[in-house]
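>>> Sequence below, structure please.
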Amino acid sequence: MIAIWGDRLFWAHMSLWLIAFGVIAALLAAVFGFTDYFSASSSVMPPRFFVRYGDATSVLGYVLTYVALALLVVSGWYGGLVTFTTAGPREGPRSHFRTMRL
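From the prediction side, this is the model:
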């Protein structure tokens, strides 16, 4: 709604700045992560939070993974279907906002 009344290029410029800040923050986090990874002793074992009863390959984990994958595929399919079949041009002074593609 803000883009309709305000500057059209504001959000485009803002998204570029946010992507740049995100990349810079990720690189900074990678520096600290690599420092931590290479300075830690290798004899310390990490805690096993998500492994129950000593079985690292549980059937429940695989089932949940495939259910989540199926939900993502179905929701992506229906989202694309709705977007590309119902989001056509409309009449009116602001109809160009409905047909803009990224």
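>>> Quick one: low-confidence residue ranges for the chain.
Along the chain, segments meeting pLDDT under 70 span 1-6, 42-57, 87-102.
>>> Check the burial of Gly61 by counting its neighbours.
14 (other CB atoms under 10 Å). (Each C-beta comes from the backbone N, C-alpha and C, glycine too.)
>>> er, Val73 I mean
10.
>>> And Leu64, by the same measure?
11.
>>> Now do it against Ala70, distance only.
The spacing between Leu64 and Ala70, counted by CB to CB, to the nearest Å, is 11 Å.
>>> which parts of the longest helix along the chain are buried?
Scanning the chain for the longest helix, with DSSP state H as the assignment, gives helix 10-39. By neighbour count with 16 or more other CB atoms under 10 Å, helix 10-39 contains no buried residues.
>>> Output the contacting helices and strands for it.
Helix 10-39 sits against helix 2-5, with contacts defined as 3 or more CB pairs under 8 Å, 6 or more residues apart in numbering; DSSP states H and E.
>>> tell me the domain boundaries of this protein?
1-41, 55-102 (automatic domain parsing).
>>> how near is Leu16 to Leu27?
For Leu16, the distance to Leu27 - CB to CB - is 17 Å.
>>> for Ser39, that is, sorry about that
Taking CB to CB, one finds Ser39 at 19 Å from Leu27.
>>> just Phe10 next, same as before
26 Å.
>>> just Asp36 next, same as before
15 Å.
>>> Three-state assignment for Ser41, please.
coil (DSSP: H, G, I helix; E, B strand; the rest coil).
>>> That one: neighbour count?
Neighbours of Ser41 (other CB under 10 Å): 5.
>>> Would you mind measuring from it to Thr85?
From Ser41 to Thr85 the distance is 58 Å (CB to CB).
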